[in-house]
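>>> Requesting a structural model of the entry that follows:
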Amino acid sequence: MTDEPAADAGDFPPPGPSDEVVADVLDDIDAAYDDYERGYADADATLSVVMTHVDRLRDGTDAE
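Numbers count the residues shown, from 1 in each chain. Sure, this is the predicted structure:
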């Protein structure tokens, strides 16, 4: 038995995607938006890319 207090659930960050995954997703979304702004992609294609990455983040959160 230790003298250390038990860890409170508030001491840990909530489970979810890693910082690296979040950074990659945000970079990909920024790139999709830049393509849209330059006229290289239409709104439907851009939204599809964004939603694919939102799903990726959700999957990372659900897996934890």
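>>> Model confidence for Tyr40, exactly?
Listed pLDDT for Tyr40 reads 95.
>>> Just say helix, strand or coil for it.
Tyr40 falls in the coil class when you classify it by DSSP: H, G, I helix; E, B strand; the rest coil.
>>> Provide a list of residues in contact with Val21.
56-57, 60 (C-beta atoms under 8 Å, 6 or more residues apart in numbering). Where you see a C-beta, it was placed from the backbone N, CA and C, and this is true even at glycine.
>>> Report the backbone C-alpha coordinates of the top helix by length along the chain in CSV.
Using DSSP state H to assign secondary structure, the helix with the most residues in the chain is helix 43-63. Extracted as CSV, the C-alpha positions of helix 43-63 are listed here (Å, rounded to 0.1, in the frame of the first residue of the first chain):
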residue,chain,number,x,y,z
ALA,A,43,-18.1,22.8,-52.3
ASP,A,44,-19.4,19.2,-52.4
ALA,A,45,-15.9,17.7,-52.8
THR,A,46,-14.5,20.0,-50.1
LEU,A,47,-17.3,19.1,-47.6
SER,A,48,-16.7,15.4,-48.4
VAL,A,49,-13.0,15.8,-47.4
VAL,A,50,-14.0,17.7,-44.2
MET,A,51,-16.6,15.1,-43.2
THR,A,52,-14.2,12.2,-43.8
HIS,A,53,-11.8,13.8,-41.4
VAL,A,54,-14.5,14.5,-38.8
ASP,A,55,-15.4,10.8,-39.0
ARG,A,56,-11.7,10.0,-38.5
LEU,A,57,-11.7,12.1,-35.3
ARG,A,58,-14.9,10.5,-34.1
ASP,A,59,-13.5,7.0,-34.7
GLY,A,60,-10.4,8.0,-32.6
THR,A,61,-12.6,9.2,-29.8
ASP,A,62,-14.9,6.1,-29.9
ALA,A,63,-11.9,3.7,-29.9
